[in-house]
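J.: Got a predicted model here, sequence first, then my questions.
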Amino acid sequence: MKIQNIETFRAAIPLKKPFKTALRTVTVAETAVVKITCDNGITGWGEAPPTHVITGDSLAGINYVITGIFKPLLEGESLLYRERIFEIIQQGIVGNPSAKAAIDMAIYDCISQYANMPLAAFLGGYRVRIETDYTVSVNSSSEMAQDAQVYVDNSFSVLKVKVGKDQIAADIKRIQAIRKQVGESIVIRLDANQGWEAKEAVKAIRKMEDIGLNIELIEQPVKAHDIKGLKFITENTETPIMADESVFSSDDARRVLEEGAADLINIKLMKAGGIHEALKIAALAGVYGVDCMVGSMIETRIGITAAAHFAASQPNVTRFDFDAPLMLAGDLIDGGISYQRNVIELGNRSGLGIVGVNGEFLVE
């Protein structure tokens, strides 16, 4: 089974509501779609959204890497020797993890179709359905509380609340408003997106603990490079701390785990460069007895389907952040994962189970 052709398309889908974090505001989900066609007729799909503030990837850069570098390197290569393929991808260019992820997931789609297995089963198999959280964007306290109630009314029992955009005191007021609105039974996790400093974060987290806000975990409170600060917060608070932007690769994960700098790790295919490296991160975390979350950027159901299959295949992936397609005003694909409100069903089709792409959202 050889790669016969690699194609890219650009897609853009408006969001229902602006997505706001400490790093950016998104109103339209733009993405580069990858299609790999094999000589036996199997077709695999992948995608790579540009997330400049996290991965450094742009649409133009993603397209160049895929068509200008990977296409000539990979066409004609046999997918039956996938470790060689992934070595070619890693050696082909430094960085550019989102472009690598798009190619990687399309390759895994092809291989698992050839094996006639859903990708999650091909990767090992552990779950057939998972429950996602829903993200509350940074806004005023009252708007965030209202948004949180809408999500709870739609059966979401886990909320991921974005903070870190301004002073921590304002963040605490937002969280208090949300907790008062949704009650004590709803799980609340926070994502500061690198927006805090270590000492102020410890002070604020201790205050949240003292007033009983009952926060499940806090994701990436400090800058990605500040492993010392991350460790300081982890060692000086009771609330579990999760590393996100601090961990792109298995080398990053090893450093965080060896330092004891975080209690949990958030794996994203767009950071890791795809499933191949994500598997290494999850395995390494498992050796240290550390659980993981799998999340995403603002992606369509192509990328989220790949991430969900990976997440469902790993026993130490215990948290799932796959709400991005629910934020979009349209759907790019037929097939793939399906949502029953907060529950994601993987389905029993082979590979990613994608049967077609909706041309309405493709851009010239």
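T.: Sure thing, it's come through. This is a predicted model, so every value here is computed, not measured.

J.: Tell me who's in contact with residue 75.
T.: Residues near residue 75 by Cβ atoms under 8 Å, 6 or more residues apart in numbering: 3, 4, 5, 6. Placement of C-beta: from N, CA and C, glycine included.

J.: actually residue 138, not the one I typed
T.: Contacts of residue 138 (Cβ under 8 Å, 6+ apart): 20, 21, 22, 144, 162, 163, 164, 165, 174.

J.: middle-most residue in the chain, spatially?
T.: residue 296 (1.8 Å; Cα atoms, centre = their mean).

J.: you'd agree that residue is up against residue 272?
T.: No: with contact defined as Cβ atoms under 8 Å, residue 296 and residue 272 do not form a contacting pair (11.5 Å).

J.: list the helices and strands whichever helix in the chain runs longest packs on?
T.: Across the chain, the longest stretch assigned as helix under DSSP state H is helix 97-114. Judged by 3 or more Cβ pairs under 8 Å, 6 or more residues apart in numbering; DSSP states H and E, helix 97-114 is in contact with strand 25-38, strand 43-48, helix 59-64, helix 82-92, helix 119-122, helix 269-272, helix 275-287, helix 301-312.

J.: so how far is the fifth one from its chain's centroid?
T.: When distances are taken as Cα atoms, centre = their mean, to the nearest Å, helix 119-122 is centred 18 Å away from the chain's centroid.

J.: In its sheet, which strands sit next to the very next helix or strand once past that helix, and in what direction?
T.: Moving toward the C-terminus from helix 119-122, the next helix or strand (DSSP states H and E) is strand 129-131. If you go by DSSP bridges, strand 129-131 pairs up with strand 343-345 (antiparallel).

J.: quick one: the helix or strand just after the partner strand to chain centroid distance?
T.: Using DSSP H and E, the helix or strand that follows strand 343-345 in sequence is strand 354-357. In terms of Cα atoms, centre = their mean, the centre of strand 354-357 is set 21 Å apart from its chain centre.

J.: Need the contact partners of strand 354-357.
T.: Contacts for strand 354-357 (Cβ under 8 Å, 6+ apart): 9, 33, 45, 109, 302, 305, 332, 333, 334, 335, 336, 349.

J.: try 10 Å this time
T.: Contact with strand 354-357 is made by 9, 11, 33, 35, 43-46, 106, 109, 113, 300-302, 305-306, 332-337, 349, as judged by Cβ atoms under 10 Å, 6 or more residues apart in numbering.

J.: Put the buried members of these into a ChimeraX selection.
T.: Here is the ChimeraX selection string for the buried members of the contacts of strand 354-357, based on 16 or more other Cβ atoms under 10 Å:
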select :9,11,33,35,43,44,45,46,106,109,113,300,301,302,305,306,332,333,335,336,337
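
J.: what about residue 302, distance to residue 65?
T.: 18 Å (Cβ to Cβ, to the nearest Å).

J.: my bad, should have said residue 195
T.: 30 Å.

J.: Neighbour count: the two, which is higher?
T.: residue 65 (25 against 22; other Cβ atoms under 10 Å).

J.: Not counting its neighbours along the chain, what's nearest the more buried one?
T.: Spatial nearest neighbour of residue 65, excluding adjacent residues (Cβ to Cβ, 6 or more residues apart in numbering): residue 99 at 3.9 Å.

J.: so that neighbour makes contact with residue 89?
T.: Yes: using Cβ atoms under 10 Å, residue 99 makes contact with residue 89 at a distance of 9.2 Å.

J.: Compare the two (neighbour count), which wins?
T.: Counted by other Cβ under 10 Å, residue 99 and residue 89 do not tie: residue 99 has more neighbours, with 32 against 25.

J.: need the contact list for that one.
T.: Per Cβ under 10 Å, 6+ apart, neighbours of residue 99: 8, 32, 34, 46, 48, 50, 55, 57, 61-67, 69-70, 89, 92-93, 270, 273-274.

J.: How about residue 225?
T.: Counting by Cβ under 10 Å, 6+ apart, residue 225 makes contact with 194, 245, 246.

J.: from those, which is closest to residue 231?
T.: Nearest to residue 231 among the contacts of residue 225 is residue 246, at 10.3 Å by Cβ to Cβ.

J.: what about that closest one, how many neighbours?
T.: Using other Cβ under 10 Å, residue 246 has 25 other residues around it.

J.: give the contact list for it.
T.: 194, 220, 222-227, 229-230, 252-253, 255-256, 261-262, 265-266, 271.

J.: just to revisit the earlier point, let me have the helices and strands packed on helix 97-114 in CSV, extended by distance to residue 211.
T.: Below are those laid out as CSV (distance: least, Cβ to Cβ, whole Å):
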stretch, distance to residue 211
strand 25-38, 30
strand 43-48, 42
helix 59-64, 44
helix 82-92, 47
helix 119-122, 41
helix 269-272, 33
helix 275-287, 31
helix 301-312, 33
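
J.: Those: which one's closest to residue 186?
T.: helix 301-312 (21.7 Å).

J.: ok, now how distant is residue 118 from residue 155?
T.: Applying Cβ to Cβ to residue 118 and residue 155 gives a distance of 25 Å.
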